[in-house]
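Chemist: Sharing a model that was predicted from the sequence below.
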Amino acid sequence: FRLSRSCTSCLLWADALPTQHCAACLSKASKMAGRPINSSLRKQMQKAIVKQSDMGAEMKGEVLDIISGSIDKYAGADGVNFEAAARLIKDTLDKQYGFNW
């Protein structure tokens, strides 16, 4: 369950803790849990969406590959180790594009 930029029911930002959302949001999340994802939604979820960037097309593609590879590398049965993935992304981009990428 992922809210868009803000919750339309309780108007809390998406990065708020799940316990901070209203009952309608939590109800929506519990209804979605355990349900299979339809094929069109699964296809959309497999591709990263870049809303705005000042990178060139080639660099953007390389960065997306680095990010998805890092997340895949640190994904496990108990979830993704985002801290390790972020560290790998930063180190790789620093090596490839310099410290001010």
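Modeler: Here it is on my side, so go on.
Chemist: quick one: residue 48 and residue 69 touch, right?
Modeler: No - using Cβ atoms under 8 Å, residue 48 is not in contact with residue 69; the gap is 11.7 Å. Yep, even glycine has a C-beta here, placed from its N, CA and C like the rest.
Chemist: What pLDDT does the model give the closest residue to residue 89 other than its chain neighbours?
Modeler: Nearest residue to residue 89, sequence neighbours excluded (Cβ to Cβ, 6 or more residues apart in numbering): residue 70, at 4.8 Å. Reported pLDDT at residue 70 in the predicted model: 92.
Chemist: name the element residue 70 belongs to?
Modeler: Using DSSP states H and E, residue 70 sits in helix 57-73.
Chemist: which SSE is residue 44 in?
Modeler: Element membership of residue 44 [criterion: DSSP H and E] is helix 39-45.
Chemist: what's next to that helix, contact-wise?
Modeler: For helix 39-45, contacts defined as Cβ atoms under 8 Å, 6 or more residues apart in numbering pick out residue 37.
Chemist: For that helix, output the C-alpha coordinates as CSV.
Modeler: Output of helix 39-45 as CSV, limited to C-alpha atoms (Å, rounded to 0.1, in the frame of the first residue of the first chain):
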residue,chain,number,x,y,z
SER,A,39,-0.9,-8.0,-14.5
SER,A,40,-1.3,-4.5,-15.8
LEU,A,41,-0.4,-3.0,-12.4
ARG,A,42,2.5,-5.4,-11.9
LYS,A,43,3.9,-4.3,-15.3
GLN,A,44,3.6,-0.6,-14.3
MET,A,45,5.4,-1.3,-11.0
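Chemist: Sort out which residues of it are buried, please.
Modeler: Using 16 or more other Cβ atoms under 10 Å as the test for burial, helix 39-45 gives no buried residues.
Chemist: all strands for this protein, in order.
Modeler: With strands called from DSSP state E, the chain shows them at 75-76, 79-80.
Chemist: Throw these into JSON lines and include distance to residue 52, mean pLDDT and mean neighbour count, thanks.
Modeler: Shown next, in JSON lines, are those (distance: least, Cβ to Cβ, whole Å; pLDDT from 0 to 100; neighbours: other Cβ atoms under 10 Å):
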{"stretch": "strand 75-76", "distance to residue 52": "26", "mean pLDDT": "86", "mean neighbour count": "10"}
{"stretch": "strand 79-80", "distance to residue 52": "24", "mean pLDDT": "85", "mean neighbour count": "11"}
